[in-house]
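*Asks:* what would the 3D arrangement of this be:
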Amino acid sequence: MERRALLGLKSQTLKTSGGSSAPQASYLRLPTITANVIRPGGRRGVMTVETGIDTADAALRTRVAQSAPRLRAAYAVVVQQAAAALLPGAPPDVERLVAQLQAATNATMGRAGARLLIGTVMVV
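*Replies:* Numbering: from 1, shown residues only. Below is the predicted model of the structure:
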């Protein structure tokens, strides 16, 4: 994780010397989503999912950035449900998780167009 992004010092847009703004990156990284799982032997564990959103449309990209807290809340619900359904010692079903997270993205944004990208899904 970049410390500048964590402290809020990294700006999202880059300005050129001419005064016009350069195109924004189409990728928005969201914070890691975590949920509790039961590990073999009855111990507690943590399931972590790294997510990001890729949007080509500038208007939708702005809306995605503004809706980031709502997206994180929707993703937390999906990851918690997936972690609760996970059997001890079984690997997570990543394809199903991605489909559910994409459905949550579309429902939160109100339309399709924002593409969910998964970084790492890990159960520790």
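
*Asks:* any chance you could map the helices in the chain?
*Replies:* In the chain, the segments counted as helices under DSSP state H are 3-7, 58-66, 68-85, 94-109.

*Asks:* which one of those lies nearest to Thr48?
*Replies:* helix 68-85 (8.6 Å; C-beta to C-beta). C-beta here means a position set from N, CA and C on the backbone, and glycine is covered the same way.

*Asks:* could you give me the average pLDDT of the closest one?
*Replies:* Taken as a whole, helix 68-85 carries a mean pLDDT of 97.

*Asks:* in a markdown table, list the helices of the chain along with mean neighbour count and distance to Thr51.
*Replies:* Below are those laid out as a markdown table (neighbours: other C-beta atoms under 10 Å; distance: least, C-beta to C-beta, whole Å):
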| stretch | mean neighbour count | distance to Thr51 |
| --- | --- | --- |
| helix 3-7 | 10 | 15 |
| helix 58-66 | 15 | 12 |
| helix 68-85 | 16 | 6 |
| helix 94-109 | 16 | 7 |
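
*Asks:* for the ones you listed, which one sits closest to Val46?
*Replies:* Nearest of the helices of the chain (C-beta to C-beta): helix 68-85, 8.6 Å.

*Asks:* packing partners of that closest one?
*Replies:* If contacts are counted by 3 or more C-beta pairs under 8 Å, 6 or more residues apart in numbering; DSSP states H and E, helix 68-85 sits against strand 33-38, strand 44-54, helix 94-109.

*Asks:* coming back round to it: reformat the helices of the chain as TSV; add distance to Thr48.
*Replies:* Below are the helices of the chain laid out as TSV (distance: least, C-beta to C-beta, whole Å):
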stretch	distance to Thr48
helix 3-7	17
helix 58-66	22
helix 68-85	9
helix 94-109	12
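
*Asks:* same list (the helices and strands packed on helix 68-85) but as TSV, adding mean pLDDT and distance to Arg63.
*Replies:* Output for the helices and strands packed on helix 68-85, formatted as TSV (pLDDT from 0 to 100; distance: least, C-beta to C-beta, whole Å):
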stretch	mean pLDDT	distance to Arg63
strand 33-38	96	20
strand 44-54	96	11
helix 94-109	97	7
